[in-house]
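Undergrad: got a structure for you, letters missing:
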């Protein structure tokens, strides 16, 4: 089954557009074993409420080789009907990108990945060639610094559009197998609306609600496609650290359920 | 000792601007142990001929957690007076970038890193804050696809300059501790010349000679600073795979020596 079908099944089954970011803060854990235990509890508490999980590599690499093992153990623990997005943001030249794709898809067996566009076509194609996997290209990211380059007006093909829109344009050209999506931050709802108008069918991975301050209602209303889908709303800290106490899993479940229901009320 | 001093010492001692890219092709090795053995032989054969080593994370991640251990073992085997550049090309939002910096500098203890600029200031600062480490920001990369975005003309501050030049401009503004350099491909000698004219003192990490076809003479002449330094010329495949036979280490030594001497003849 390809990523898109797997995602749609999970969206339907769990009536959810919520993705939980499995991003264990290295300052809060003594070792990688405790990360795995934490993740397992979060997964057990939320697996019937989400459409995807998204572990970010950084938080595992901070634990070294053991962290990489913890990431693999975490991914393997996720129920097979819930897609896993490897948030890696990799971007390197052709033969190197091929090695990264091998690591992410063959080794970890992730269903999707995030990649950076800065190096252009040959840095992204080795991922896209895995036709059953989802490839989310960074477009307009949720952070404050995203304006440094992504919003610069660029000239090409007789047009003058911001860099993020140029990236979306190229991404849609590269999308010959229908497996390419975009990362667009909830913190930039106008850009989200613009991109949805231009690309009615593309899948958007939307970080930036919660700790980062994005407006959930605008993100859903501006980002959803005509069928009320086409978006994956990620939340990390707001869910996994809903409580810092022993009741963290119960609190995560409640936070995920609240988020799911709020999103659905805006669809 | 900071990165710049360590680099300059190695350049002086070995009379070399050569960096060897330790990029073991996952298709050529059966396991990560054989990667470590290979790397050790390459390091022993070349350590008196280089100013730096640069392992690219992708080729280790392709082996999973064992690959991460192999990367650490490789880095630890490099003589302490030769700086090691972790070619990671990471780029993520602030708190995530902090976790990557921790992984690369605290865990692997690399002397320098490559980072992607696409996410802007807050994705790069957590690295720069390690003042004793070198931060190479991707500017004009060596690959064919680099033109997709890096050469687009962008408007900012009343100027109209290509994106890669805008990146260099921001990088020089962020360089308040003197530890920021740029990645500029040998395959784009005109851009190299332009950037050297604008930034006479910045350090350039130059990939793209050898397998990628960059012109060595132009790269050295256009990239070097007024003192005949300021550049690190990377070669990976041309050196480590100079021979595919049992004499690979001897062949790598010869290739590294040839490259060192050719570079010096152009300084």
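TA: All right, it came through fine. Because the structure is a prediction, the values reported are computed rather than measured.
Undergrad: what's the span of stretch A:198-215, first residue to last?
TA: Using CA to CA, to the nearest Å, the end-to-end distance of stretch A:198-215 comes to 21 Å.
Undergrad: List the buried residues of it.
TA: By 16 or more other CB atoms under 10 Å in any protein chain shown, the buried positions in stretch A:198-215 come out as A:199, A:202, A:203, A:204, A:205, A:206, A:207, A:208, A:209, A:210, A:212, A:214. All C-beta spots, glycine's among them, are computed from the backbone N, C-alpha and C.
Undergrad: Quick one: name the residues of the stretch 151-267 of chain A near chain B.
TA: Residues of the stretch 151-267 of chain A found near chain B (CB under 8 Å from any CB of the partner chain) are A:152, A:153, A:154, A:155, A:156, A:160, A:163, A:166, A:167, A:170, A:212.
Undergrad: Show only the entries of the residues you listed found in helices.
TA: The members of these that map onto helices under DSSP state H are A:163, A:166, A:167, A:170.
Undergrad: which residue packs closest to the last one, ignoring adjacent ones?
TA: So the one you mean is residue A:170. Using CB to CB, 6 or more residues apart in numbering or on different chains and skipping the chain neighbours, the partner closest in space to residue A:170 is residue B:148 (6.1 Å).
Undergrad: which ones are touching the one you found?
TA: Neighbour list for residue B:148: A:117, A:120, A:121, A:170 [criterion: CB atoms under 8 Å, 6 or more residues apart in numbering or on different chains].
Undergrad: Can you report how many residues lie near residue A:44?
TA: For residue A:44, the neighbour count with other CB atoms under 10 Å in any protein chain shown is 14.
Undergrad: And the next helix or strand past the stretch of helix or strand it belongs to?
TA: Counting by DSSP states H and E, the element that carries residue A:44 is helix A:32-46. Remark: after helix A:32-46, the chain's next helix or strand is strand A:52-55, criterion DSSP H and E.
Undergrad: ok now that next one, how far from the chain's centre?
TA: 7 Å (CA atoms, centre = their mean, to the nearest Å).
Undergrad: what mean pLDDT would you report for that strand?
TA: Average pLDDT, strand A:52-55: 98.
Undergrad: residues near the closest residue to residue A:198 other than its chain neighbours, how many?
TA: Leaving out its chain neighbours, the residue that sits closest to residue A:198 by CB to CB, 6+ apart is residue A:168, at 7.0 Å. Applying other CB under 10 Å, we find 25 residues neighbouring residue A:168.
Undergrad: what residues are up against residue A:168?
TA: Residue A:168 is in contact with A:139, A:182, A:195, A:198, A:199, A:202, counting by CB under 8 Å, 6+ apart.
Undergrad: helix/strand/coil for the third one?
TA: State at residue A:195, reduced to three classes by DSSP: H, G, I helix; E, B strand; the rest coil: helix.
Undergrad: and it, what pLDDT?
TA: Here the pLDDT value assigned to residue A:195 is 98.
Undergrad: Please name the bridge partners of residue A:153.
TA: On the basis of DSSP bridges, residue A:153 is bridged to residue A:162, residue B:155.
Undergrad: what helix or strand is the residue nearest to the spatial centre of chain A on?
TA: Most central in chain A under CA atoms, centre = their mean is residue A:205, positioned 5.0 Å from the mean C-alpha point. Using DSSP H and E, residue A:205 sits in strand A:204-206.
Undergrad: Residue A:181 now?
TA: Assigned by DSSP H and E, residue A:181 belongs to strand A:180-184.
Undergrad: residue contacts, the closest residue to residue A:16 other than its chain neighbours?
TA: Nearest non-adjacent residue to residue A:16, counting by CB to CB, 6+ apart: residue A:260, 4.6 Å away. Neighbouring residues of residue A:260 by CB under 8 Å, 6+ apart: A:14, A:15, A:16, A:17, A:18, A:49, A:50.
Undergrad: Could you report the distance from the last one to chain B?
TA: What it means is residue A:50. As judged by CB to the nearest CB, to the nearest Å, residue A:50 and chain B stand 20 Å apart.
Undergrad: and residue A:192, that one's in a strand?
TA: No - secondary structure of residue A:192, determined by three-state DSSP: helix, with no strand assignment.
Undergrad: From what I see, it and residue A:198 are in contact.
TA: No - applying CB atoms under 8 Å as the test, residue A:192 and residue A:198 come out as separate, 11.2 Å apart.
Undergrad: on that earlier part again, give me the mean pLDDT for the helix holding residue A:44.
TA: Across helix A:32-46, pLDDT averages out at 98.
Undergrad: Repeat that for stretch A:179-186.
TA: The model assigns stretch A:179-186 a mean pLDDT of 98.
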